[in-house]
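# all I have is the shape, not the residue letters:
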């Protein structure tokens with residue numbers, strides 16, 4: 001057996017395992033979400049005896065799911081936009097400037113990623129109390145903006161670094177000020193980087209639980225807080241959890257597919273098609 005054949009077999013196995021790993025949970029969640037309450041799905045049945053949308057209708061009509069979806073899908077784009085605004089100056093400094101302690105600063109900017117979410121949420125809630133900020137929406141928006149800054153900084157740093165210096169020098173020679181240079185050179189070339197950062201932050205914000213729970217509960221509900229409440233030991237109902245899981249996951253998968261198509265057709269930071 002040649003090395004080429006072995007490589008093809010390994011690649012094929014990897015594709016099969018990856019496909020099963022990704023799609024099997026979605027298929028199982030879909031089946032569980034469609035289990036009719038009148039016909040429970042239990043061993044030894046391989047598939048539900050009866051499928052219906054009763055669980056979907058019940059959750060929509062009897063829980064705070066509509067409110068949670070509205071909160072999540074309004075909050076996430078706001079968090080994405082705010083994070084990009086605050087991340088851009090730091091990303092510019094990391095990507096275009098040389099200064100003492102730059103490597104240390106870059107590592108420090110990424111440290112929040114490795115901290116447990118609940119640790120950040122608890123300390124952040126105490127800071128909000130000291131600042132007399134009690135608006136739940138504003139508090140979670142600030143929390144998500146701070147929490148996801150490292151992701152935006154890292155992606156935008158690469159985008160800023162890839163902008164050709166000769167274009168910047170040419171614009172400077174033509175007496176273009178900083179605002180004109182950003183609008184006419186940086187922004188067009190960095191649109192893929194900004195879009196990628198925005199989509200990733202939106203996905204992370206929709207899925208974030210710790211800050212939304214610690215800061216927002218019980219008045220402000222999001223899709224993850226509804227999901228975790230249905231996963232608790234005393235109220236665990238697998239079909240209900242499956243419904244909420246699909247509502248949480250499917251839009252994010254669509255966003256990731258769009259992001260992959262974007263990054264596959266345009267080089268981040270270069271603005272050229274691949």
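Yes, it's here. Quick caveat, the model's predicted, so the values are computed rather than measured.

# and the residue nearest to residue 256 when sequence neighbours are not counted, what is it in contact with?
Of all residues not flanking residue 256 in the chain, residue 203 sits nearest, at 7.0 Å (C-beta to C-beta, 6 or more residues apart in numbering). From N, CA and C alone the C-beta is placed, and that goes for glycine too. Neighbouring residues of residue 203 by C-beta atoms under 8 Å, 6 or more residues apart in numbering: 76, 252, 255, 256.

# next step: the residues you listed restricted to helices.
76, 252, 255, 256 (DSSP state H).

# and of those residues, the nearest to residue 124?
Of all the ones in helices among the contacts of residue 203, residue 124 sits closest to residue 76, with 17.9 Å by C-beta to C-beta.

# burial count for the closest one?
By other C-beta atoms under 10 Å, the residues close to residue 76 number 25.

# one more: residue 164?
Applying other C-beta under 10 Å, we find 13 other residues in the vicinity of residue 164.

# residue 32 contacts residue 238, correct?
Yes: Residue 32 lies in contact with residue 238 (C-beta atoms under 8 Å); the separation is 5.5 Å.

# ok, of the ones in helices among the contacts of residue 203, which one's closest to residue 222?
residue 76 (9.3 Å).

# verify the stated contact: the closest one with residue 202.
Yes: counting by C-beta under 8 Å, residue 76 does reach residue 202; the two are 4.4 Å apart.

# need the contacts of residue 203 in CSV (columns: distance to residue 87 and pLDDT).
Listed next are these as CSV, based on distance: C-beta to C-beta, whole Å; pLDDT from 0 to 100:
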residue, distance to residue 87, pLDDT
76, 16, 93
252, 21, 84
255, 19, 82
256, 20, 80
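
# mark which of these are buried, thanks.
Those of those that meet the buried threshold are 76, 255, by 16 or more other C-beta atoms under 10 Å.

# make CSV out of the contacts of residue 203 and add distance to residue 194.
As requested, those are arranged in CSV below (distance: C-beta to C-beta, whole Å):
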residue, distance to residue 194
76, 16
252, 19
255, 15
256, 17
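
# what residues are up against residue 251?
Contacts of residue 251 by C-beta under 8 Å, 6+ apart are residue 206.

# likewise residue 155?
Neighbouring residues of residue 155 by C-beta under 8 Å, 6+ apart: 91, 193, 196, 197, 200, 268.

# now, those residues that are in strands?
In strands, judged by DSSP state E, none of these are found.

# which one of the residues you listed sits closest to residue 71?
Nearest member of the contacts of residue 155 to residue 71, counting by C-beta to C-beta, is residue 200, at 19.9 Å.

# contacting residues around the closest one?
Residue 200 sits next to 151, 155, 259 when contact means C-beta under 8 Å, 6+ apart.
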